[in-house]
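>>> I would like to see how this sequence folds:
(2 chains)
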Amino acid sequence: MTCSANPQRVTKADEPLEGLRLLIVEDDYFVASELASSLRLRGASIVGPAANVRKARELLGRERPDLALLDINLNGYPDFELAAQLRAAQVGLIFTTGYDAQFLPAQFQATPCLQKPLNLSALVSLIGTALRPLPTP
Amino acid sequence: MRELTACSSREEINGTVERAAQQLCGAHSVFLRQGTASATDPDPTADDAAATGAQGTSITIAAGASPNDALMTVVWTSPHAVTDLERELLGTLAQAAALAFRSTGSQRPLAFHLHAFAPHERARFFDFQRQVRGLLAMVRSIVRRMVETSVSIEEYAAHLEGRLGALARVHGFLLRAPNAGVDLEELVRAEFLAQSVTDEHLQVGGPRVVLGAKEAETVGLTLHELATNSVKFGALGHLGDKLSVRWRLEGPRRTRVVLDWLERGKRVLRANHRKGFGFEVIELLFPYELGGSSSVVVEPEGLRCSLTFPVPPHELH
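Sure, this is the predicted structure:
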């Protein structure tokens, strides 16, 4: 965790996400583009958005985000493989989903999870939580 | 599902299995036999189904290999893309039927294997939850995004109503039967019906293509934008002009749909109409969501749009 764990990072009140690289994985175009532009306005730089796992992996080959917003239902069924890969690479995770949080498998029960439709201010404050270093299992 | 334990005759088992397939997979009917296929009659339950004159989609499942096991053919009367979940559900159902057949002879208890259904029912409920929330998220984003491109509140309201109508049609088709998919031709014709476009303007056709939920939503919205645009500025708004919508399946396993929307006539879109929400749907949303491509060209005789997108493999008929 280079950038994300850096306590010296400059954060302005109107740009609370300044300097953060956020990967967005979301299959709905309008939801993804709205999320990207709102988070850019708050200072984040956006990796993606990616509509599917394949695109997300392509992006991860070139860029390393600090945090990923991951829709866990792409192509019609829940998929946690990309989530596991991101966690192994120590990228922070927030799930966005239409499912209830109880749907999460045991190893991701502690991962923050936001229900759709997303509440943007809840998301911004969750990003702070998600970026705290994970306790070692 | 526990009902199978109480079945004491073959007819009861048949009825219970059929009701389960109808409720779980939107199937129309189930043909069930005890005993596996033989060399002389490789597919007896499929023959039973064919003998009723049923049309649509069917799948045959053999449970186990002993002579007491079950052979089951499930029929949907409209085109149906059978999902992995449905295969799994129906496979479990066939196994349950095989065991029920045995117990009608030996009174063997059956409770143990029926619990397998509980997680699937839960998965179906979660899936429904996800669909509703996903749809609401999408509608909210559309409502917000349209504010940036609308000129007046009247125009905003009319366009929003049209777009919600298009989404409602797609979801109307999807809700007819869970996981049944949507027939592409039906989707195209429903859009024209909603726009009150009469047949003399139109040529519509192509091979049978069944779209999954996401594909149907994206294709439905894109067709709606093309049709709305054409009514306002193109061939559908001008008597005597023509529109043809034709599609074909390409690739060795027929996994790519290429749909051509071709307007021919005197009324041609002016270039400055290309910067709106509708064109964002066609040129950006469509390729993003379906991993395909789209191109819009305004030719002297009218607009030409080509949409390409992947679909699951289609059986060759």
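
>>> for the stretch 201-317 of chain B, what spans make up the helices?
Secondary structure of the stretch 201-317 of chain B (DSSP state H, counting those that start in this stretch): helices at B:213-233, B:277-280, B:286-290.

>>> Nearest to chain A, out of these?
Chain A lies closest, by Cβ to the nearest Cβ, to one member of these: helix B:286-290, at 4.6 Å. Backbone N, C-alpha and C define where each C-beta goes, glycine included.

>>> and residue 110, what pLDDT?
In the absence of a named chain, this looks at chain A. Each residue has a pLDDT score; the one for A:Ala110 is 84.

>>> Switch to chain B, please.
33.

>>> Check B:Arg253 too.
B:Arg253 carries a pLDDT value of 86.

>>> Surely it touches B:Pro313?
Yes: under the criterion of Cβ atoms under 8 Å, B:Arg253 lies in contact with B:Pro313, with a separation of 4.5 Å.

>>> Contact residues of the stretch 151-300 of chain B facing chain A?
Contact residues, the stretch 151-300 of chain B versus chain A (Cβ under 8 Å from any Cβ of the partner chain): B:Gly212, B:Ala213, B:Lys214, B:Leu284, B:Leu285, B:Tyr288, B:Glu289, B:Gly291.

>>> Oh, that last question was meant for the stretch 1-150 of chain B, not what I typed.
Counting by Cβ under 8 Å from any Cβ, the positions of the stretch 1-150 of chain B adjacent to chain A are B:83, B:85, B:126, B:129-134, B:136-138, B:140-142, B:144-145.

>>> Which of the helices of the stretch 201-317 of chain B has the lowest mean pLDDT?
The bottom spot among the helices of the stretch 201-317 of chain B, by mean pLDDT, belongs to helix B:277-280, with a mean of 89.

>>> all strands for chain B, in order.
B:29-34, B:57-62, B:70-76, B:182-183, B:202-205, B:210-211, B:242-250, B:256-264, B:293-299, B:302-310 (DSSP state E).

>>> Export the ones you listed as TSV, with columns for mean neighbour count and mean pLDDT.
What follows is those, written out as TSV (neighbours: other Cβ atoms under 10 Å in any protein chain shown; pLDDT from 0 to 100):
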stretch	mean neighbour count	mean pLDDT
strand B:29-34	22	81
strand B:57-62	19	76
strand B:70-76	25	79
strand B:182-183	24	93
strand B:202-205	14	94
strand B:210-211	24	93
strand B:242-250	17	95
strand B:256-264	20	96
strand B:293-299	15	92
strand B:302-310	20	95
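
>>> returning to what we had before: buried only: go through the residues of the stretch 1-150 of chain B next to chain A for me.
B:83, B:85, B:126, B:129-131, B:133-134, B:137-138, B:140-142, B:145 (16 or more other Cβ atoms under 10 Å in any protein chain shown).

>>> so which of those comes closest to B:Asp69?
Relative to B:Asp69, the closest of these is B:Leu85; by Cβ to Cβ it sits at 22.7 Å.

>>> Would you mind measuring from that closest one to A:Arg40?
Summarising the geometry, the distance separating B:Leu85 from A:Arg40, computed by Cβ to Cβ, to the nearest Å, is 38 Å.

>>> Ok, B:Thr60 next?
Applying Cβ to Cβ, the value for B:Thr60 to A:Arg40 is 53 Å.

>>> Any idea how many residues pack against A:Ile72?
If you count neighbours by other Cβ atoms under 10 Å in any protein chain shown, A:Ile72 ends up with 24.

>>> shouldn't it be in contact with A:Thr97?
Yes: shown here, A:Ile72 and A:Thr97 form a contact pair, counting by Cβ under 8 Å, at 5.1 Å.

>>> chain center to the longest helix along chain A: distance?
When chain A is scanned for its longest helix (criterion: DSSP state H), the result is helix A:29-41. Taking Cα atoms, centre = their mean, to the nearest Å, one finds helix A:29-41 lying 13 Å from the centre of the chain it belongs to.

>>> Tell me which other helices or strands that helix touches.
strand A:21-25, strand A:45-50, helix B:117-149, helix B:286-290 (3 or more Cβ pairs under 8 Å, 6 or more residues apart in numbering or on different chains; DSSP states H and E).
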